[in-house]
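Undergrad: Starting from these lines, generate the structure:
(chains A, B, C and D)
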Protein chains: 4
Amino acid sequence: MCRWIAYSGTPVLLSQVLFQPRHSLIDQSLHSRMGVETTNGDGFGVGWYTRNADTPAVLRDVGPAWNNRNLLEVAHHVRSGLFFAHIRASTGTAVQQTNSHPFRRGRWMWMHNGAIRGFHRLRRDLTLAVDPALYPDIEGSTDSELMFFLALTSGLTEDPPGAVARMAGLVERVGHAHDIPDPLQMTVALSDGDRVWAFRYSSEGRSRSLYFSTEVNALRSLHPDAAFLRDISDETRLVVSEPLGDLPGAWNEVPESSYGIVQPGPDALHSFRPVA
Amino acid sequence: MCRWIAYSGTPVLLSQVLFQPRHSLIDQSLHSRMGVETTNGDGFGVGWYTRNADTPAVLRDVGPAWNNRNLLEVAHHVRSGLFFAHIRASTGTAVQQTNSHPFRRGRWMWMHNGAIRGFHRLRRDLTLAVDPALYPDIEGSTDSELMFFLALTSGLTEDPPGAVARMAGLVERVGHAHDIPDPLQMTVALSDGDRVWAFRYSSEGRSRSLYFSTEVNALRSLHPDAAFLRDISDETRLVVSEPLGDLPGAWNEVPESSYGIVQPGPDALHSFRPVA
Amino acid sequence: MCRWIAYSGTPVLLSQVLFQPRHSLIDQSLHSRMGVETTNGDGFGVGWYTRNADTPAVLRDVGPAWNNRNLLEVAHHVRSGLFFAHIRASTGTAVQQTNSHPFRRGRWMWMHNGAIRGFHRLRRDLTLAVDPALYPDIEGSTDSELMFFLALTSGLTEDPPGAVARMAGLVERVGHAHDIPDPLQMTVALSDGDRVWAFRYSSEGRSRSLYFSTEVNALRSLHPDAAFLRDISDETRLVVSEPLGDLPGAWNEVPESSYGIVQPGPDALHSFRPVA
Amino acid sequence: MCRWIAYSGTPVLLSQVLFQPRHSLIDQSLHSRMGVETTNGDGFGVGWYTRNADTPAVLRDVGPAWNNRNLLEVAHHVRSGLFFAHIRASTGTAVQQTNSHPFRRGRWMWMHNGAIRGFHRLRRDLTLAVDPALYPDIEGSTDSELMFFLALTSGLTEDPPGAVARMAGLVERVGHAHDIPDPLQMTVALSDGDRVWAFRYSSEGRSRSLYFSTEVNALRSLHPDAAFLRDISDETRLVVSEPLGDLPGAWNEVPESSYGIVQPGPDALHSFRPVA
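TA: From the prediction side, this is the model:
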């Protein structure tokens, strides 16, 4: 499977989040503690929003993140207030740039940890369900990209949680039609550059790990000496596959079958249920 | 588009064909004379049959052939009596290993120069026509790989020329249904390890260049001093996108709308017509 | 050899310079008109200064620039007022990231077109001349990187033109000691983030092409309708291996054996002579 | 550090050794048990001798071995009676093809696990000790390649054990001159296509693990039911960084400060001592 991280808040150098913390995402590429695999070396990607452009920039490559110099360069020179990063452990599909996350369409970015069980058998039926106008833009061969296109087909840009629920419902329906038990396993992050949606769900009710950071002002009370907490806004928030750093009280598990919204103003947490 | 070469005959080091001749395929990767593009630097591949294995070996990569050291190594150390080589100039689809030729399934190899016109619009309908049992094994995003899967769907392993004719007929029918004029442009090489089929066809009747080598005993009469002609069997034959070397009388154009079979015993040349 | 471009002036998206002009650098990677080779597909690099960091960011890779998606992404999302870009045609040394330009040390960037003649024979003596404290940081195997380290050894950060003159003098002296005629051929760009130095020199007095852009206010008088000229400052300047675009009067050849300085206030042009 | 394997004996498909055994080298690239790092994903290489060519073929690349399709292809289609394979975990130097093992010169191949301590400080002095006639052919930046060139300088092709002893002595002398304690840590494999030399040594006397396989006829007595033991000759021998498979009695540790020779006729084991 994979590991990922979504950051929203005070603009920082990407490296401050990706490389500096203890047990950073880059460290997780070699030594994941909570992932299905300890090594996530089958490609990586980072996508960031800036005020320079209508779309997020996406840098993706096929080697491991831990030894990639271009990632190091970009992370140490690009500042952003909303970015995604992802490290991949292939479950069998080719290691190629078009299979690395995050995926992008217009202003939207999508990344995923998990799998569609029996994807080899379900791939055709699921692909047929993609809007024919979107279909030609599928470039890779992963379940993750296909889930994005199915959510786009289901109205992602108008109603993100509804579209993801309909995508999940479709995957489960097609899976069951092929006698696949518990077809879907996912944590997904999604953004339009203003908000971040993060989903945790699996058909079997035992989803991959997902954590969100404690509110910054609460963390400041807990750790009045932590200097970096003074430099970031109250609204800064991280959502991650597994915790970074070692600050007690910093992380909260996203509950099973739920999704959160990181946004201007109070964030929100809702239950998630696939829509048939 | 691309350039390719198919060799059948006396086992030789791949380098004797790929690197040594004047205007070799590797030289064509930088300086094609007859291709749509002069540079073919968007990936390459070589596939060879040996007595060691049931399937051909396929080495493919994403960079240019002219500076690839692994290609150089393999070509100078592997000997084969039947091999394909291909250099790619992308017409837009991603430069990735799964888009490099030759494509393989079991004992069969396929490579292509040309394009399906309007492929972006036709891709979905053509993909739907692939046998659902084969569909999950499509790994890349090219028209070339899809043509292979359509030919496999049409009975390639039983009746190669018939299957290619049915594939071509389908592409034209789907193209015309989408108001695409002259949808197909192709030279294709195909092998099962014993025979090589080479097709030259385009809907508009102006196909990409394709040549086959003159029979070796005829060449020997023309060039009694050419030492290497003494080292290869009478049955040795090359089919190429553009001529190699500079031996007068060595090359013959494959006629428009035709296909040839290189095989034990006399080779054959037939006319080719898509089957609706 | 190679092609390169140096930009200094109003901050722009890198893509406005690298991709948009007719006969852009990216186009030159496939179809150089003035280079020794028409194809420059053996790696590329781009380096840019920002206010975010003490050092320039450097993105380098080993494939061709024309099909590299990460270059496209960065170029369309990063804005800079001083950047370098380079496309490589190897003269024999390995195609690897550490051989792609620009090279960086601290705030300094260096890129080169040309060659040290007989480099294979001179490499050891030239390497011995590098300051032992700098030596361990040599990562690649090109003459270009070694020239940078020799110039650093000769006081580059204190006196750039003097250091380059001493480097050139050393290369010629070592070359002559090995009976290499006309050992040095170079156009070099150099920057510390504030100024750009561009050198054109060859031992034989027939140097690779180099051009600098006409002053913007003069160009505005010539082309009052060219909208983009209104968006850039009077001080904006480009130095390039071969002209971009097709604006008459836009380009001036850097004279043989000379160097220019692009800087705040009036730019300067001086003669260049190696120092023995 | 790294992991490596050397095979000498009955010609087999490389895959029979590299992929098929439990805890194969490819598995070790993800899950090394005895290595300094559990992950060895910073490049790999395989080199094999054939009767087709005067030199061994060397296939090297920069990504992990576990997901490399070209390695898989070559391993399943190439048969050899003497081959090396190596997976790399960089200790800091660049991940590039010229830093992947095995290294080759003429008929000779070299691969290494370990490090020269303080290599950054010693690199220049050690490089100066390389024969000036060999120096220009150094392509990468590793201690491992430099050790090969120092051994070549010391007469490797005439007296392999003596040359390695002189190389080791030089590294220790230069290390001590720079106040580096225990400068050398190595297991090294070396071949000329007929014999394999394998060295285990470290200045501190606590060398990286190294094992050689038990004689095949002894293994047959222990395991009369192991079918594959009937297919290989009595002289077949493996030397490995850590054991493959799970056959009791199959592996013997190479003693500290010693080297073995795998050769036609009885193999040999000798003590090893650096020569000052």
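Undergrad: The lengthiest strand in chain A vs chain C: in contact?
TA: The single longest strand within chain A, with elements called by DSSP state E, is strand A:2-13. Yes: on the criterion CB under 8 Å from any CB of the partner chain, strand A:2-13 is in touch with chain C at A:L13. For the C-beta atoms, the positions are set from N, CA and C on the backbone; glycine is no exception.
Undergrad: how near is the residue of chain A found nearest chain B to chain D?
TA: Here chain A gets closest to chain B at one residue, A:Q96, 4.1 Å apart by CB to the nearest CB. According to CB to the nearest CB, to the nearest Å, A:Q96 stands 10 Å off from chain D.
Undergrad: Count the residues that sit near the nearest residue to that residue once chain neighbours are set aside.
TA: Using CB to CB, 6 or more residues apart in numbering or on different chains and skipping the chain neighbours, the partner closest in space to A:Q96 is B:Q96 (4.1 Å). Using other CB atoms under 10 Å in any protein chain shown, the number of residues around B:Q96 comes to 27.
Undergrad: B:Q96 contacts B:T142, correct?
TA: No: at 9.6 Å, B:Q96 does not count as touching B:T142 under the criterion of CB atoms under 8 Å.
Undergrad: Would you tell me which helix is longest in chain A?
TA: helix A:160-177 (DSSP state H).
Undergrad: Next SSE downstream of that helix?
TA: strand A:184-191 (DSSP states H and E).
Undergrad: Up against chain B, what does the stretch 51-200 of chain A have?
TA: Counting by CB under 8 Å from any CB, the stretch 51-200 of chain A comes close to chain B at A:93-94, A:96-98, A:120-121, A:123-124, A:127-128, A:132, A:135-136, A:138-141.
Undergrad: Chain A: helices as residue ranges?
TA: Taking DSSP H as the test, the helices found in chain A are A:14-18, A:25-31, A:69-77, A:119-128, A:143-153, A:160-177, A:216-222, A:228-231.
Undergrad: Contacts for the third one, please.
TA: When you say that, I think you mean helix A:69-77. Contacts to helix A:69-77, defined as CB atoms under 8 Å, 6 or more residues apart in numbering or on different chains, come from residues A:13-15, A:18-19, A:44, A:46, A:59, A:61, A:65, C:48, C:50, C:52-53, C:55-61, C:70, C:74, C:97, D:94.
Undergrad: phi, psi of the residue of chain A closest to chain B?
TA: Per-residue torsions, A:Q96: phi -150, psi 160 (degrees, to the nearest 10).
Undergrad: go on, A:T38?
TA: A:T38 adopts backbone torsions of phi -80, psi -20, taken as degrees, to the nearest 10.
Undergrad: from memory it sits against D:T38, does it?
TA: Yes: at 7.3 Å, A:T38 counts as touching D:T38 under the criterion of CB under 8 Å.
Undergrad: on that earlier part again, quick one: buried ones out of the residues of the stretch 51-200 of chain A next to chain B?
TA: By neighbour count, with 16 or more other CB atoms under 10 Å in any protein chain shown, those hold A:93-94, A:96-98, A:121, A:123-124, A:127, A:135-136, A:138-141 as buried.
Undergrad: Can you tell me which of these is closest to chain D?
TA: For these, the nearest to chain D is A:A94 (7.9 Å; CB to the nearest CB).
Undergrad: List the contacts of the closest one.
TA: A:A94 sits in contact with A:G140, A:S141, B:Q96, B:Q97, B:T98, B:E139, D:R69, where contact means CB under 8 Å, 6+ apart.
Undergrad: A:E256 contacts A:S207, doesn't it?
TA: Yes: A:E256 lies in contact with A:S207 (CB under 8 Å); the separation is 5.8 Å.
Undergrad: residues shared between the contacts of those two?
TA: What both A:E256 and A:S207 touch, as defined by CB under 8 Å, 6+ apart, is the set A:R200, A:Y201.
Undergrad: picking up where we left off before, average pLDDT for the longest strand of chain A, rounded please.
TA: Mean pLDDT, strand A:2-13: 94.
Undergrad: show me where pLDDT drops low in the stretch 51-200 of chain A?
TA: A:52 (pLDDT under 70).
Undergrad: what does it put close to chain C?
TA: A:52-53, A:55-61, A:69-70, A:73-74, A:76-79, A:97.
Undergrad: Buried ones from those residues, can you make that a ChimeraX selection?
TA: ChimeraX command restricting those to the buried ones, with burial defined by 16+ other CB under 10 Å:
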select /A:53,55,56,57,58,59,60,61,70,73,74,76,77,78,79,97
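Undergrad: Return the residues in contact with A:R123.
TA: With the criterion set at CB under 8 Å, 6+ apart, A:R123 makes contact with A:D143, A:L146, B:Y135, B:P136.
Undergrad: Widest-spaced pair of the residues you listed?
TA: Pairwise distances across the contacts of A:R123 peak at 14.6 Å for A:D143 and B:Y135 (criterion: CB to CB).
Undergrad: Help me confirm that A:E215 comes into contact with A:S233.
TA: No: using CB under 8 Å, A:E215 is not in contact with A:S233, being 11.0 Å away.
Undergrad: related to what we said a few turns ago, tell me which strands and helices the longest strand of chain A is in contact with?
TA: Judged by 3 or more CB pairs under 8 Å, 6 or more residues apart in numbering or on different chains; DSSP states H and E, the packing partners of strand A:2-13 are helix A:14-18, helix A:25-31, helix A:69-77, strand A:79-88, strand A:108-116, strand A:184-191, strand A:196-202, strand A:237-240.
Undergrad: among the ones you listed, which is nearest B:P102?
TA: Among the helices and strands packed on strand A:2-13, if distance is taken as CB to CB, the winner is strand A:79-88, at 27.1 Å.
Undergrad: quick one, that closest one and helix C:69-77 angle?
TA: Interaxial angle, strand A:79-88 versus helix C:69-77 (axes from the mean of the first three to the mean of the last three CA atoms, to 10 degrees): 160 degrees.
Undergrad: Local confidence estimate at the closest residue to A:I87 other than its chain neighbours?
TA: Leaving aside its sequence neighbours, A:I87 sits nearest to A:N40 (CB to CB, 6+ apart; 4.0 Å). With respect to pLDDT, A:N40 scores 91.
Undergrad: Quick check: A:N40 touching A:C2?
TA: Yes: using CB under 8 Å, A:N40 is in contact with A:C2, at 6.0 Å.
Undergrad: show me what contacts the residue of chain A closest to chain B?
TA: A:G43, A:V62, A:G140, B:A94, B:Q96, B:Q97, B:T98.
Undergrad: Quick check: A:N252 touching A:E215?
TA: No: with contact defined as CB under 8 Å, A:N252 does not reach A:E215; the gap is 9.7 Å.
Undergrad: Can you pull the residues of chain A lying near chain D?
TA: Remark: the part of chain A in contact with chain D comprises A:30-31, A:37-39, A:41-42, A:62-64, A:66-67, A:69, A:90, A:94-95, using CB under 8 Å from any CB.
Undergrad: Out of the residues you listed, the closest to chain C would be?
TA: A:R69 (6.4 Å).
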